[in-house]
Structure formats: C-alpha cells, structure tokens
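J.: A structural model of the following input is requested.
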Amino acid sequence: MKNIGYRWNSNNQYFSDIDALGIFVDNHDNARFLHGNGDIRLFKSALTFALCARGIPFFYYGSEQGFAGGDDPNNREVLWRNFDRTSDMFKFTQTINRARQSQGV
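T.: Residues are numbered from 1 along each chain as shown. Below is the predicted model:
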C-alpha cells in the first residue's frame with residue numbers, strides 16, 4: 001500500500017492536473033484482469049480503486065459481468081448475450097457506482 005501511495009504522489013511532479021488523468025483496470029488492447037488472475041477479490045479491489053481514486057475512471061464493458069477474455073480479440077466478449085443484472089459482479093459494480101453518486105463524484 002505504501003508503494004501505491006508513493007507512486008500516486010510522485011505523479012504530481014509530472015502532471016499539472018492529476019484529476020484529469022484516466023484510470024482503468026481493463027481495456028480493449030490487453031487481456032482482461034481476470035484472464036491472468038482469476039481472483040475475484042483482487043479484481044473487485046482493483047475496480048474499487050479505479051472507480052474511487054482521483055482521476056477519470058474508464059470502465060471497460062464486461063467488467064461488470066466478470067469477463068475474463070485473453071488477448072485481443074478475445075477480450076471483446078459479446079455482452080448482449082451475457083448481460084446478467086443479478087450477477088455478483090454487476091451488483092458489486094452497482095454498489096460502487098451508487099456510493100460514487102451519493103458523494104457527488
């Protein structure tokens with residue numbers, strides 16, 4: 001945790017507006033987080049950090065479903081056939097987003 005804090009604070013010397021930087025866990029160019037590490041608790045922690053830390057959160061579709069695709073194009077799973085509003089990951093993401101909204105973030 002100290003390393004995260006150190007790295008985070010060291011960015012101030014390189015960027016004039018840290019809050020304008022994007023932060024993400026998954027994206028369309030790389031294998032998804034869960035592909036290389038199936039630990040859902042770590043994934044939830046990473047998503048919580050990305051959604052609640054300073055900066056602009058970028059949330060890649062399918063993360064709320066726990067998609068675990070590999071390298072491109074396998075990380076672009078079809079969402080419309082696999083969208084589940086009752087899944088644990090969807091409810092978790094919903095909870096984080098509601099907390100953000102309640103704080104005016």
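
J.: mind listing what residue 68 touches?
T.: Residue 68 makes contact with 32, 33, 34, 35, 38, according to C-beta atoms under 8 Å, 6 or more residues apart in numbering. Any C-beta I mention is one placed from the backbone N, CA and C, and that applies to glycine too.

J.: got the residue ranges for the strands in this structure?
T.: 22-24, 56-58 (DSSP state E).

J.: list the strands paired with the last one, with their directions.
T.: Paired neighbours of strand 56-58 in the sheet (DSSP bridges): strand 22-24 (parallel).

J.: now do the contacts for the residue lying closest to residue 99 once chain neighbours are set aside.
T.: Ranked by C-beta to C-beta, 6 or more residues apart in numbering and with sequence neighbours excluded, the top spatial neighbour of residue 99 is residue 52, at 7.8 Å. Neighbour list for residue 52: 96, 99, 100, 105 [criterion: C-beta under 8 Å, 6+ apart].

J.: surely residue 24 and residue 55 touch.
T.: No - under the criterion of C-beta atoms under 8 Å, residue 24 makes no contact with residue 55, lying 9.4 Å away.

J.: quick one: buried ones out of the contacts of residue 52?
T.: Those of the contacts of residue 52 that meet the buried threshold are residue 96, by 16 or more other C-beta atoms under 10 Å.

J.: inside helices: which ones of the contacts of residue 52?
T.: Judged by DSSP state H, helices contain the following of those: 96, 99, 100.

J.: how many neighbours does the nearest residue to the last one once chain neighbours are set aside have?
T.: Distance criterion C-beta to C-beta, 6+ apart; nearest residue to residue 100, sequence neighbours excluded, is residue 51 at 6.4 Å. Using other C-beta atoms under 10 Å, residue 51 has 19 other residues around it.
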